[in-house]
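*Asks:* quick one, fold the following:
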Amino acid sequence: MKIRNLAVAALVAAVGSSAFAQAKEQFFPLLSYRTGAYAPNGIPWANGKQDYLKMINARDGGINGVKITFEECETAYATDRGVECYERLKSRPGVTMFDPQSTGITFALTEKAPADKMPLLTVGYGLAVSQDGMAFKWNFPLMGSYWTGADILIQHIGKSLGGLDKLKGKKITLVYHDSPFGKEPIPLLQERAKMHGFDLQLLVVTPPGVEQKAVWLQVRQSKPDYVLLWGWGVMNSTALKEAQATGYPRDKMYGVWWAGAEPDVKDVGEGAKGYHALAMHSSGQQAKVIQDILKNVHDKGQGSGPKDEVGAVLYTRGVVISMLSVEAVRRAQERFGKGKVMTTEQVRWGLENLALDQKKIDALGFNGVIRPVSSSCQDHMGSTWARIQDWNGSKWNPSSDWYQADEQILKPMIKEGGEKYLADKKMTRRVAADCQS
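*Replies:* Modelled structure (predicted):
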């Protein structure tokens, strides 16, 4: 009897110990794509996300003592596989939020998130209308959407001409990926075209985008003044090669921030010289946060990928995404208990109340990497800053000041989109009291 009681006590102690250990872990599911046509772009993005989480554990001991755990799930950029990953990982103890890493997957998970009370973090992608936090309680397109990106590109082109009024009569062609991602900027561009009197031509590219000869034949025939490239993966380098082959000037081409990374241009090299793309953040190894990753992760042999990739454009984007995720947990802890594991509902509040001013950004080691981000119940984006960078044949260089999207144009479109979404789903707009929960 005594032996049995000792065994029971040992079991209880073991279970209690396990539960305590489990209770002190914040789990970050990491959807990724290291295989398939989009792997060259997906790999550095995934590595940056992992390395930042590893660095927070190694340097800081986690988030106020709460250890970070994570698990990758391969989607190959396919929506059905992304949903499978979500369903498999959403119930893990201490789960935090999901970064779908795909606009198509985001569309699918937006239908599931309210019932599961699961935050979706979509930095620079996803649904533009989900900036409206009173309609989309669980979506967070922090730092920008395809509407803000398209708006800034039109602002920049107008400025380069001497004013937005100079856009009248110009022809702008959008070469876009045939997916929810590629189609997202179209409403904003159509609105700007009506405002300024430019002709908008839409040319769709079938994914993954290795065959574009017919598209660029149309470009050659129509002779647009500018081409906007809304591509991802091999589509981008193929577009630049086809532009070179057809004689379309690369300095008249502007890419979204998913068409402005090293994998997009390195194989084209000098042939892409003069090409412009949006940048949500800076890149390179000079920032303190990147130095901390090198010191605490790569120098200890714990890096997720090659050391020379650290600081590349998409790697840095992964770092930024993980930082925003970690800071949402930290912000939630300020209200719900420092050193505690946060629930998804508490993390949602943290995402909705981010207050990353310049002082905080500097303290996090992101000085010069990003601009301030301040979200609210009404505004789930928190920042629309972006600038233009140019490819000089061997590296990216910033070539403009920072722009912000024109809220006078975006706000009515976002409000209308939010109302339509709520009507279609037979849902009601959040009330002010819900912002406190």
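*Asks:* can you count the residues close to the closest residue to residue 224 other than its chain neighbours?
*Replies:* Take residue 224 and drop its neighbours on the chain: the residue closest to it by CB to CB, 6 or more residues apart in numbering is residue 173, 4.0 Å away. Backbone N, C-alpha and C define where each C-beta goes, glycine included. Residues near residue 173, counting by other CB atoms under 10 Å, number 24.
*Asks:* list the contacts for residue 173?
*Replies:* Residue 173 makes contact with 200, 201, 202, 203, 219, 222, 224, 226, 227, 228 under the criterion CB atoms under 8 Å, 6 or more residues apart in numbering.
*Asks:* which of the three states applies to it?
*Replies:* Under DSSP: H, G, I helix; E, B strand; the rest coil, residue 173 falls in the strand class.
*Asks:* and it, bridged to which residues?
*Replies:* Beta-bridge pairing for residue 173 (DSSP bridges): residue 201, residue 227.
*Asks:* tell me the pLDDT at it?
*Replies:* What the model reports as pLDDT for residue 173 is 98.
*Asks:* how near is it to residue 223?
*Replies:* 9 Å (CB to CB, to the nearest Å).
*Asks:* residue contacts, residue 62?
*Replies:* 26, 56, 68.
*Asks:* pretty sure the second one sits against residue 326.
*Replies:* Just to be clear, that refers to residue 56. Yes - contact criterion CB atoms under 8 Å: residue 56 and residue 326 qualify, at 5.8 Å.
*Asks:* count the neighbours of residue 332 for me.
*Replies:* Neighbour tally, residue 332, other CB under 10 Å: 25.
*Asks:* quick one: it and residue 354 touch, right?
*Replies:* No - using CB under 8 Å, residue 332 is not in contact with residue 354, being 10.2 Å away.
*Asks:* span of stretch 124-133 from start to end?
*Replies:* Stretch 124-133 has its terminal residues 16 Å apart, counting by CA to CA, to the nearest Å.
*Asks:* check which helix or strand covers residue 277.
*Replies:* Using DSSP states H and E, residue 277 sits in strand 276-279.
*Asks:* what's that strand packed up against?
*Replies:* helix 146-161, strand 253-255, strand 387-391, strand 396-398 (3 or more CB pairs under 8 Å, 6 or more residues apart in numbering; DSSP states H and E).
*Asks:* please identify the helix or strand for residue 345.
*Replies:* helix 344-352.
*Asks:* for that helix, packing partners?
*Replies:* Helix 344-352 packs on helix 313-336, going by 3+ CB pairs under 8 Å, 6+ apart.
*Asks:* orientation of the helix it packs on relative to helix 344-352 in degrees?
*Replies:* 110 degrees (axes from the mean of the first three to the mean of the last three CA atoms, to 10 degrees).
*Asks:* secondary structure class for residue 26?
*Replies:* From three-state DSSP, the assignment for residue 26 is strand.
*Asks:* tell me how far it lies from residue 92.
*Replies:* 11 Å.
*Asks:* tell me which of those two has more neighbours.
*Replies:* Per other CB under 10 Å, whichever of residue 26 and residue 92 has more neighbours is residue 26, with 24 against 15.
*Asks:* highest mean neighbour count out of the helices and strands packed on strand 276-279?
*Replies:* strand 253-255 (a mean of 26; mean count of other CB atoms under 10 Å).
*Asks:* what residues does it touch?
*Replies:* If you take CB under 8 Å, 6+ apart as the criterion, strand 253-255 is touched by 153, 156-157, 226-231, 236, 239-240, 243, 264, 275-278, 388.
*Asks:* what mean pLDDT does the helix or strand just after that strand get?
*Replies:* For strand 253-255, the following helix or strand on the C-terminal side (DSSP H and E) is helix 262-265. Averaged over helix 262-265, pLDDT sits at 96.
*Asks:* let the chain start at 366 from now.
*Replies:* With 366 as the first residue, the last one maps to helix 627-630.
*Asks:* what are the boundaries of the strands in the protein?
*Replies:* 390-397, 432-439, 485-486, 504-505, 536-542, 564-570, 591-595, 618-620, 641-644, 720-721, 738-739, 752-756, 761-763 (DSSP state E).
*Asks:* including distance to residue 796, could these go into CSV?
*Replies:* Shown next, in CSV, are the strands of the chain (distance: least, CB to CB, whole Å):
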stretch, distance to residue 796
strand 390-397, 30
strand 432-439, 34
strand 485-486, 22
strand 504-505, 18
strand 536-542, 38
strand 564-570, 39
strand 591-595, 37
strand 618-620, 41
strand 641-644, 36
strand 720-721, 23
strand 738-739, 22
strand 752-756, 38
strand 761-763, 43
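*Asks:* what's the neighbour count on the nearest residue to residue 417 once chain neighbours are set aside?
*Replies:* Ranked by CB to CB, 6+ apart and with sequence neighbours excluded, the top spatial neighbour of residue 417 is residue 687, at 3.8 Å. Residue 687 has 25 neighbours, counted by other CB under 10 Å.
*Asks:* same check, this time on residue 759
*Replies:* Residue 759 has 11 neighbouring residues, counting by other CB under 10 Å.
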